[in-house]
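Asks: I'd like to go over a predicted model; first the sequence, then the structure.
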Amino acid sequence: MITEALPLLARGLAMTLALTLVTSALALAWGLPIGLLRLSRVRWQNWIGTAYVETFRNVPALVLVIIGGFALPNAFPHAARRALFFDNSSVAWIGQITGLPVPYYAIAAVLGLSLNTSAYLAELFRAGVGAIAREHFEAARSLGATPGAVFWGLLLPQGLAAAYPAIATRLIHNMKNTALASFLTVPEFFKAIQTAIGESFRAVEFLIVAAGGYLLLAALMSSALSVAEGWLKGGRR
Amino acid sequence: MTRATLDFLWSVLPSLLIGFPGGRPGGLALTLILSLAAIGLGFVIALGVGPGRAAGPWPVRAACALYVEFFRGLPLLLLLFVVHVILGGRRLGLDLSPRASALIALTLYASAYQAEILRAGLAVVPDQLVESARLVGGRAWQIYLHVRLSYAVQVMLPAFAGQAITLFKDSAVLVALGVGELMTVTRSALGSDVRNAAYWLPTYLLVGGLYALVAFAISRLAGRLERRQRSGDLLYSLTNY
């Protein structure tokens, strides 16, 4: 009974991994600039950073996912809804690559999860930069470093290094959050488990498989992240 | 926003806040009740598990580590079903209501994070503090309770607050069991009526706003507490789970 469901579960696991990778990458790519905005002394920049962080950190990830997936399309009349979200060439293209039945739901899940995680990462990055010794900034300034050099040479490596353990924790939390995509019927691991239970009525067995799967993912991710930490530290020297 | 939308939001707001009329407490009120209860009960468990993992005979340490890694490694959504179906299922004879399962799952989830926070706090208790307590004649249990533990809890207050906020927001997934908290009420209020489609976006924006408002209020309150406690900010950044 579990062997019958194996292909389904394997596809679910692959989808969870893909969601984790894409959302982590997007969250890092958005979170760092937002963290810099939060550090800015220019008032409007700081204000934008704060608004972003407070909004996307304080609204539950599930609410973001449902707003993107269900509530937003529902705001449009039927014909426009189909054309905008479910039945156009770019959505069809994504569906072709990923093999998803309703690609828009995966897009909405990715957006919601990335926005949520990026807000947390922005805050952690800001705290990490705050932990950099003042002397380093003064040294950089007295050497005549350009703002770009200060960012790439000082803020990014040292800020990330200081915040690394917390960022790693948050990225693992983000991996667990990908289970929320099941609310949008994205066929990731948790949804696959639900489907398997629905087909076999073996709830206990499949829930144990699910627990094992997520624990394994969390353990793998945490060791991968600590290997990456070793790299980053080695690279800086 | 049209007049009809405003009317709709106005008509569902009481249900969102305190649940449907005539029923048990629901909506935001139930979300708060469940979160607070889980945080309180979870802390009691954490008081055993956190110190147990920090310092104990190795079987205790291993058991506590297993506990933490298990309940922290699962998505809350999955934990909810594990508790409801396996623990609460007929096989074990507990036959839990969704509400009870939700409370148990939230408690287990919260306790694992709180135990880790407590462990991190115990690790930074200054030796001098413990030594001086010993010098003034404190007994072992007195030192543990009044010095180590109380220092650890105080220095970790911001992390505990952050965890409480996270739990409050994560509780949104209880809708999967239909517990009657904020997300469940929202879902039922919108129902499957096609004519309600236009209300989805404003309603969920309102619900998101409610969550954000409460989360923001708790973090402000915690910030004020923290300033009074003048605890370390680096610790906060490293342990803000």
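Replies: Thanks, I have it.
Asks: I'd like the average pLDDT over the helix or strand hosting residue A:163.
Replies: Assessed by DSSP states H and E, residue A:163 sits inside helix A:156-177. Average pLDDT, helix A:156-177: 90.
Asks: What residues of the helix or strand just after that helix count as buried?
Replies: Using DSSP H and E, the helix or strand that follows helix A:156-177 in sequence is helix A:189-200. Counting neighbours by 16 or more other Cβ atoms under 10 Å in any protein chain shown, one finds that the buried residues in helix A:189-200 are A:189, A:190, A:191, A:192, A:193, A:194, A:195, A:196, A:197. C-beta here means a position set from N, CA and C on the backbone, and glycine is covered the same way.
Asks: by contact count, what packs against helix A:189-200?
Replies: In this structure, helix A:189-200 makes packing contacts with helix A:2-39, helix A:203-236, helix B:76-81, judged by 3 or more Cβ pairs under 8 Å, 6 or more residues apart in numbering or on different chains; DSSP states H and E.
Asks: What's the first helix or strand after the longest one?
Replies: Using DSSP H and E, the helix or strand that follows helix A:2-39 towards the C-terminus is helix A:43-58.
Asks: any idea how far residue B:133 is from residue B:120?
Replies: In this view, residue B:133 and residue B:120 are 21 Å apart by Cβ to Cβ, to the nearest Å.
Asks: Please apply the same query to residue A:30.
Replies: Separation of residue A:30 from residue B:120 (Cβ to Cβ): 28 Å.
Asks: ok, residue A:121 - contacts?
Replies: By Cβ atoms under 8 Å, 6 or more residues apart in numbering or on different chains, the contact set of residue A:121 is A:27, A:28, A:31, A:32, A:35, A:167, A:170.
Asks: at 10 Å instead, please
Replies: A:24, A:27-32, A:34-35, A:53, A:114, A:160, A:163, A:166-167, A:170-171, A:174 (Cβ atoms under 10 Å, 6 or more residues apart in numbering or on different chains).
Asks: Then residue A:191?
Replies: A:8, A:12, A:15, A:16, A:179, A:181, A:182, A:183, A:184, A:185 are the contacts of residue A:191 under Cβ under 10 Å, 6+ apart.
Asks: Pick out whichever of the residues you listed sits closest to chain B.
Replies: Checking these against chain B with Cβ to the nearest Cβ, the nearest one is residue A:179 at 4.0 Å.
Asks: I'd assumed residue A:211 was in contact with that closest one.
Replies: No: at 11.8 Å, residue A:179 does not count as touching residue A:211 under the criterion of Cβ atoms under 10 Å.
Asks: okay, and the common contacts of the two?
Replies: A:193, B:74, B:75, B:78.
Asks: which residues sit in contact with the residue nearest the centre of chain B?
Replies: The centroid of chain B falls nearest to residue B:167 when counting by Cα atoms, centre = their mean (3.2 Å). Neighbour list for residue B:167: B:34-36, B:38-39, B:42, B:76, B:106-107, B:109-110, B:113-114 [criterion: Cβ under 10 Å, 6+ apart].
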